[in-house]
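**Student:** Build me a model from this:
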Amino acid sequence: MNFKRATRVADLIMADISDILLREIRDPRIKSVTITGVKLTDDLRLAKVYFVEMGKDTFDPQTKIALQNATGFLKRELGKRIKLRYVPDIIFVSDESFAYGSRIDRLLAEIRKAEEPDVE
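**Tutor:** This is a model prediction of the structure:
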């Protein structure tokens, strides 16, 4: 299998950012954040980091602000962990696929409940 370098580096960045958020960030607004994916440009200069707040369908705007405020720290820590010439700029994007998936689950549950015969 032939993988692009950007994909391999994106996986490394995802693991390292998750570890940094779990172990080194003390901001309580970020504690429930899970990194769901990283998309890296081919020139390795820009990383879009997708996140979701566990247990919620939508994200709190304060969470995104806290992540943006921690970007400098995250970039510095990534520079220590990943040996690249340039550490990519980080942009945080909320991952809407989890909210979409939970909405579909709710709709399917409603359909199942409506199709169930009433047992008396």
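
**Student:** For Leu107, see how far away the residue nearest to Leu46 when sequence neighbours are not counted is.
**Tutor:** What sits nearest to Leu46 in space, not counting adjacent residues and going by CB to CB, 6 or more residues apart in numbering, is Asp89, at 5.2 Å. Placement of C-beta: from N, CA and C, glycine included. Applying CB to CB, to the nearest Å, the value for Asp89 to Leu107 is 38 Å.

**Student:** quick one: secondary structure of Thr63?
**Tutor:** Put simply, Thr63 is helix when judged by DSSP: H, G, I helix; E, B strand; the rest coil.

**Student:** Wait, it touches Arg29, no?
**Tutor:** Yes: using CB atoms under 8 Å as the test, Thr63 is close enough to Arg29 to be in contact (5.3 Å).

**Student:** more crowded one of the two?
**Tutor:** Set Thr63 next to Arg29 and count neighbours by other CB atoms under 10 Å: Thr63 wins out with 21 against 17.

**Student:** so what's the more buried one up against?
**Tutor:** For Thr63, the contact set (CB atoms under 8 Å, 6 or more residues apart in numbering) comprises 29-30, 32-33, 53.

**Student:** try 10 Å this time
**Tutor:** Taking CB atoms under 10 Å, 6 or more residues apart in numbering as the criterion, Thr63 is in contact with 27, 29-33, 51-53, 56, 92, 94.

**Student:** Go ahead and list the helix or strand containing the closest residue to Ser97 other than its chain neighbours.
**Tutor:** Sequence neighbours aside, Thr36 is the residue nearest to Ser97 in space, at 7.6 Å (criterion: CB to CB, 6+ apart). In this assignment (DSSP states H and E), Thr36 forms part of strand 33-40.

**Student:** Now that strand: buried residues?
**Tutor:** 33, 35-36, 38, 40 (16 or more other CB atoms under 10 Å).
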